[in-house]
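Asks: Dropping a prediction and its sequence here:
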Amino acid sequence: MYLMAALLCAFVVASCSNDDGGPTTPATDFTTLSASITAAQAKLTATQEGKLDGQYPKASRDALQAAITAAQAVVANTATTQTEADAANTQLGVAMTAYDGAKITPIAAEALVAHWSFDEGTGTVAHDESANAFNGTFKNGPLWPGAWHANADMPDWWKDRNGTANKAIHFSSDGGVVEVPYNTKLNPSEITVALWVNADSINADNRFLGLQFWIGYKFQLQSANRPFFTAGYAGGAYDRDSEQDLPVGEWHHIAVTSGKIDGVGSMLFYVDGELIKTWSDTPEPLVSIAAKPYNFVIGQDFPTDQYVATDANYNAADHPDFHKLPLGWGGHFRGALDELRIYNTVLTGSQIASIYDREAPANP
């Protein structure tokens, strides 16, 4: 009996001590991390890379695979501590959650307000390919003041991002506009605008679409060719930009969203399918101009017939809602546009990336 007790005591001491007589570090338990690795690998196997609804962008799959590889390295390292293993498991969990969020979910058909592809190539009508049929008519722009130009021009059919002739529209330095009759659907309470843009030059107030200037909303390139969106709210206008400048003379896909994300008013900018800038202090919802409707315009920020020739006798107090706009206050686009879409909801990053991926040139 004494011998058995002595042997048991010796075993306990040996298992809890190192050669110097101190406590032995317990072996790292990889059970949880290994299970997470197995689950992550199964998730990759069960899902498909692609650009279509229900698929996952290549970048998101690459990111999850990188996280799996990093976790496997932790398991293979004999010096890994339990703290390190637990941290790796947490990191892999974050990667799996991010992967789930990257799934391309279908955009509801009713969310598409308008889609002008500009594929007609001839004539003076830009057809809306959505169910709403908000067709736009080519019209002359106004005679802008100063040294801008001496003619009031119309848009031209132009080559698109693939170099195909007459599959986009172009606005010269002489201006021009595509005008769409007002409809409340063009004036949603939250919005996503996505399109391809190719600017001829850097200009202030390089505005390529608008719904009553600051009152509704407008989208433009500003400063050093930077995407810039203005949205009208009950308390006034809200201006923000992408904080990223675009090269001149190149096609780029840009998108902006304005509305609630996780309960917070937000404005997000995307360039070529990538989230560039998030503003999380946006008032919402967008204001309705239905009481005094104005036509939606592409190529400038106001319908041509709503401008007044000069602001010399303009009294802003007489027009608090910009019923008329002095020419000197307006702006028009110089460059080409293509595949303009408007949605009445805030699209997700994966949905915007999917639009870009489907339309991007094979060799941009």
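Replies: Arrived safely.

Asks: Just give the closest residue to residue 334, not the sequence neighbours.
Replies: In this structure, residue 334 finds its nearest non-sequential neighbour in residue 200, 4.6 Å apart by Cβ to Cβ, 6 or more residues apart in numbering. For the C-beta atoms, the positions are set from N, CA and C on the backbone; glycine is no exception.

Asks: show me the residues around that neighbour that make contact.
Replies: 173, 248, 249, 334, 335, 336 (Cβ atoms under 8 Å, 6 or more residues apart in numbering).

Asks: And residue 344, by the same measure?
Replies: Per Cβ under 8 Å, 6+ apart, neighbours of residue 344: 110, 111, 113, 185, 188, 189, 190, 191.

Asks: Please identify the helix or strand for the third one.
Replies: Secondary structure assignment for residue 113, by DSSP states H and E: strand 112-116.

Asks: Where do the strands of the stretch 151-300 of the chain begin and end?
Replies: Taking DSSP state E, counting those that start in this stretch, the strands of the stretch 151-300 of the chain run over residues 156-158, 168-171, 177-180, 191-199, 206-211, 217-222, 226-233, 236-241, 252-261, 264-271, 274-279, 296-298.

Asks: Residue 209 contacts residue 302, correct?
Replies: No: assessed by Cβ atoms under 8 Å, residue 209 is found out of contact with residue 302, at 10.9 Å.

Asks: out of those two, which sits in the more crowded spot?
Replies: residue 302 (26 against 23; other Cβ atoms under 10 Å).

Asks: which residues does the more buried one contact?
Replies: Applying Cβ under 8 Å, 6+ apart, we find residue 302 in contact with 210, 212, 213, 294, 322, 325, 330.

Asks: Kindly report the same for residue 202.
Replies: With Cβ under 8 Å, 6+ apart, residue 202 has these contacts: 221, 224, 225, 248.

Asks: Dump those into a markdown table; add pLDDT and neighbour count as well.
Replies: Converted to a markdown table, the contacts of residue 202 look like this (pLDDT from 0 to 100; neighbours: other Cβ atoms under 10 Å):
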| residue | pLDDT | neighbour count |
| --- | --- | --- |
| 221 | 96 | 29 |
| 224 | 91 | 10 |
| 225 | 95 | 21 |
| 248 | 96 | 15 |
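
Asks: ok, of these, which one's closest to residue 105?
Replies: Of all the contacts of residue 202, residue 105 sits closest to residue 221, with 30.0 Å by Cβ to Cβ.

Asks: burial of the closest residue to that closest one other than its chain neighbours, as a residue count?
Replies: With sequence-adjacent residues excluded and distances taken as Cβ to Cβ, 6+ apart, residue 221 is closest to residue 206, at 4.2 Å. Burial of residue 206 is recorded as 23 neighbouring residues (other Cβ under 10 Å).

Asks: Residue 137 too?
Replies: Using other Cβ under 10 Å, residue 137 is surrounded by 14 other residues.

Asks: can I assume it sits in a strand?
Replies: Yes: with DSSP: H, G, I helix; E, B strand; the rest coil as the criterion, residue 137 is part of a strand.
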